[in-house]
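K.L.:
the sequence and its predicted three-dimensional model are supplied below.
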Amino acid sequence: MKILNTGILFLLSILFGILIFIYVGNAIGWEAILNSFNIFLSKEGLLIIFLSFLIALIGALRWKTIIKEKISLFDLFKIYTAGFSIQYFFPMILFGSEAFRASFLEHKNKIGWDKALASVIIERIVEWTVNLLVILIGVLYFFYEIQKPSESLILILSISIFFIFFILVVVYIYIFKKNSFVRKILLKIGKKDFKESVILKIEKRVFEYFNLRNINLWKGYFFSFLKIFVMLLRVWFIVLILDHFLYFMPSLSILSFSFLGTMVPIPTALGVQELIQSFVFGNLNINLGVSSSFSMLLRAGEVIVSLFGFVLFFKAGFDFLKNKIYKNEK
């Protein structure tokens, strides 16, 4: 029943995304969207694909510094891209990417559930700390640039950003105070052997990582900023090949709204990215046709990475089932 509900939700979100995509295509024109396919099939498209894979590789490298186990970077890269494909194609499955990465890491490398799950949780906290900083700076610049934004727009974005940052601040206060919330719950429900609880071990590992004296914490932030830099480079390059030049701050603003678009649970952000970027590009005095081509080229690079990860996801599932069958036969 749960799988059926997820399938229905997937189809509805795809349909909604297609409707938005068609609306934006009719409003802006299909010529620019079709032109983006020709660009992607050229040598410029290869560079977009390269930058997209580089972004994923940096993400895997950041994850490796968190795990601190003798696992090859290529193996982690495969798991990371497989997890990304789940997140990109099935965003309506909450924590699906994180669950897959942790379970497959434990299945292949036997590092323990607590360490596998903790590494994924830590990686997400570190990543979204930097992503939210980009969103804040990018949105503030956008308001400054358009000078007279509508009150409803200010209200919607302000509430959204405040809510997201409130959650982040609460998480960081909880982490740095190291006041175990899990332990209190386990004591309340009368669990006597809570010291062996996997959840408590995960919490402990998260507390240990977020220590200002931990060099790997700063490495995690460094790789997050490096990933943002390559993402900015990709934004700048895509707009450049569409015959427009962007300075640093407009590129950052476009990237920040791109992050906001990914928060909408629609596969590949279909339609949502086009709608958001047409609004951003229009207010930054950039041709609206460029916004559609930009969204298509950005998505094309990420789809290639996701398809690579999706193949690995299915291969991982096949290998897992094969091992289970083999063990049962024995």
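P.N.:
Looks like it arrived, so ask away.
K.L.:
what's the host helix or strand of Arg234 packed up against?
P.N.:
If you go by DSSP states H and E, Arg234 is part of helix 215-241. Judged by 3 or more Cβ pairs under 8 Å, 6 or more residues apart in numbering; DSSP states H and E, helix 215-241 is in contact with helix 43-67, helix 113-146, helix 248-262, helix 288-329. C-beta: built from backbone N, CA, C; applies to glycine.
K.L.:
what's the closest of those to Phe237?
P.N.:
Judged by Cβ to Cβ, the one of those that comes nearest to Phe237 is helix 43-67, at 6.6 Å.
K.L.:
mind checking the pLDDT average for that closest one?
P.N.:
For helix 43-67, the mean per-residue pLDDT is 95.
K.L.:
tell me the buried residues in it?
P.N.:
By 16 or more other Cβ atoms under 10 Å, the buried positions in helix 43-67 come out as 44-45, 47-49, 51-67.
K.L.:
kindly report the same for stretch 145-161.
P.N.:
Ile146, Leu157, Ile161.
K.L.:
pull the CA atoms of that stretch into CSV?
P.N.:
Provided in CSV are the C-alpha atoms of stretch 145-161 (Å, rounded to 0.1, in the frame of the first residue of the first chain):
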residue,chain,number,x,y,z
GLU,A,145,18.8,44.5,-7.1
ILE,A,146,15.1,44.7,-8.0
GLN,A,147,14.7,47.5,-5.4
LYS,A,148,10.9,47.3,-5.2
PRO,A,149,9.8,43.7,-4.6
SER,A,150,6.1,43.1,-4.0
GLU,A,151,5.0,42.8,-0.3
SER,A,152,3.6,39.3,-0.9
LEU,A,153,6.9,38.1,-2.4
ILE,A,154,8.9,39.5,0.6
LEU,A,155,6.5,37.9,3.0
ILE,A,156,6.6,34.4,1.3
LEU,A,157,10.4,34.3,1.0
SER,A,158,11.0,35.8,4.4
ILE,A,159,8.8,33.3,6.2
SER,A,160,10.4,30.4,4.2
ILE,A,161,13.9,31.5,4.9
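K.L.:
who are the packing partners of the helix or strand encompassing Ile276?
P.N.:
If you go by DSSP H and E, Ile276 is part of helix 272-283. On a contact count with 3+ Cβ pairs under 8 Å, 6+ apart, helix 272-283 meets helix 2-28, helix 113-146, helix 248-262, helix 288-329.
K.L.:
export the helices and strands packed on helix 215-241 to CSV and append columns for distance to Phe176.
P.N.:
Below are these laid out as CSV (distance: least, Cβ to Cβ, whole Å):
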stretch, distance to Phe176
helix 43-67, 17
helix 113-146, 12
helix 248-262, 25
helix 288-329, 33
